[in-house]
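K.L.:
Predicted model follows, preceded by the sequence.
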Amino acid sequence: MGYSYPTFNQKMCYNPAKSWQLGWYSLRRQVLDFSSRGGFRGSLIGINDYQNSASFGKNVHLKVLGGTETLYIGFNLQAGINADTQEGFNQVTVQAQNTTGVSRLRAKLRAGGQYIASRYLNGKDLFIQVNTINLSSNPPYAEVLAFLDGCPPGRCGTQCNNPCALTSPVAAPTRAPVSTRIFLETFDNGLGAFQTNNGKSTTQVVHTALGSNSSVQMKSSNTQIITRTTYSVASYQQVRIQFWLYATQGVSGDGIAIEVSSNNGSGWESVGRLTRDADFPTDKTWYQKGVTWKKTAGTTSIRLRISTVTTASTSSSTGKVHLENVGIDGIP
């Protein structure tokens, strides 16, 4: 049921597998069956916050089934009724248990950590990744990704058991406007919808850390990717530019700049800039990032440009940035 001590005042609770077996925390748990769904991205809270009024939309435990073994995922927060937990405290843990037998610890993951279950379902690897752990939030939480190789959260299609919607969902009148996907490039077939600035230092590489076939690599020495054509934004008030980012090497101060052009590339307007250390670490981990741009009045279409930038002190940086799943969403 999970290791403890022979005392009566020890505050330690059962691991996720045994808690699930007992039927506990049933209002804050979710089953992930990747034979019938796409990738998962969500937040886990500790068991002590099960009844926290601010825990809406967050889970205590996840159960992954349909593969070589059933896995249970939880955030082992060292607090309250679990204040004396020792192993893997304030980390995301992964246990395996088939039926009601012995449970076995598979992984203890800190922020940026990743567990891979090889050939988990239909020959595909299963990725369990912790993007962030926030201990200062109320309640504290861990942001977790779980997906099969080639099917990160948001990827749709029959190969991901996640049908692509033909039309965008319509928001209820009392809810915030729903964004609409305008454009998405996965780089699984080369640069696709993008071109480079004369091909300078930008190469197509194979990289499976996100569970996809490939990503685009950009060196820090001022390289760019630019959409080959324009995309209509006439129906929207704001534009959300989202992507997954993976950085290697480099120094603090390097970054990427995101720009849009409303006149087919004759001029460019800055949307945002992300820099190493301040906005993303150089720790060989994928992070989902994005910026929102309030559309300039009269703009009907845009092109997108993403550039690597350096400061004077980092002009000779050998750092690299990988981008994957670059998308543009329109917000009414």
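P.N.:
In hand now; what should we look at? Residues are numbered from 1 along each chain as shown.

K.L.:
And the protein, what are its domain boundaries?
P.N.:
Structurally, the chain divides into domains by automatic domain parsing as follows: 16-160, 180-331.

K.L.:
centroid residue for the protein?
P.N.:
Nearest to the mean C-alpha position of the chain, counting by CA atoms, centre = their mean, stands residue 288 at 4.8 Å.

K.L.:
Show me what it bridges to in the sheet.
P.N.:
Counting by DSSP bridges, residue 288 is bridged to residue 244.

K.L.:
And for residue 104?
P.N.:
Assessed by DSSP bridges, residue 104 has beta-bridge partners residue 96.

K.L.:
How much space separates it from residue 60?
P.N.:
For residue 104, the distance to residue 60 equals 20 Å [CB to CB, to the nearest Å]. For the C-beta atoms, the positions are set from N, CA and C on the backbone; glycine is no exception.

K.L.:
The two: who's more crowded?
P.N.:
More crowded of residue 104 and residue 60, by other CB atoms under 10 Å: residue 60, with 25 against 13.

K.L.:
And the pLDDT for that one?
P.N.:
pLDDT for residue 60: 93.

K.L.:
Check residue 203 too.
P.N.:
Per-residue pLDDT puts residue 203 at 50.

K.L.:
just residue 225 next, same as before
P.N.:
Looking at residue 225, its pLDDT is 91.

K.L.:
After the lowest-mean-pLDDT helix or strand in the chain, which helix or strand is next?
P.N.:
Ranking every helix and strand in the chain by mean pLDDT, DSSP states H and E puts strand 202-206 at the bottom, with a mean of 47. Next along the chain after strand 202-206, taking DSSP states H and E as the criterion, comes strand 214-219.

K.L.:
so what secondary structure elements neighbour the helix or strand just after that next one?
P.N.:
Where DSSP H and E defines the elements, the next helix or strand beyond strand 214-219 is strand 224-227. If contacts are counted by 3 or more CB pairs under 8 Å, 6 or more residues apart in numbering; DSSP states H and E, strand 224-227 sits against strand 194-196, strand 214-219, strand 301-309.

K.L.:
Looking at those strands, which is nearest to residue 15?
P.N.:
Residue 15 lies closest, by CB to CB, to one member of the helices and strands packed on strand 224-227: strand 214-219, at 35.1 Å.

K.L.:
what is the orientation angle of the closest one with strand 301-309?
P.N.:
60 degrees (axes from the mean of the first three to the mean of the last three CA atoms, to 10 degrees).

K.L.:
so what's residue 30 closest to, chain neighbours aside?
P.N.:
Closest residue to residue 30 apart from its sequence neighbours, by CB to CB, 6 or more residues apart in numbering: residue 59 at 5.2 Å.

K.L.:
Just to check, that neighbour is in contact with residue 41?
P.N.:
No. Using CB atoms under 8 Å, residue 59 is not in contact with residue 41; the gap is 11.6 Å.

K.L.:
quick one, which of the two is more surrounded?
P.N.:
Set residue 59 next to residue 41 and count neighbours by other CB under 10 Å: residue 59 wins out with 22 against 16.

K.L.:
Residue 17 in helix, strand or coil?
P.N.:
helix (DSSP: H, G, I helix; E, B strand; the rest coil).
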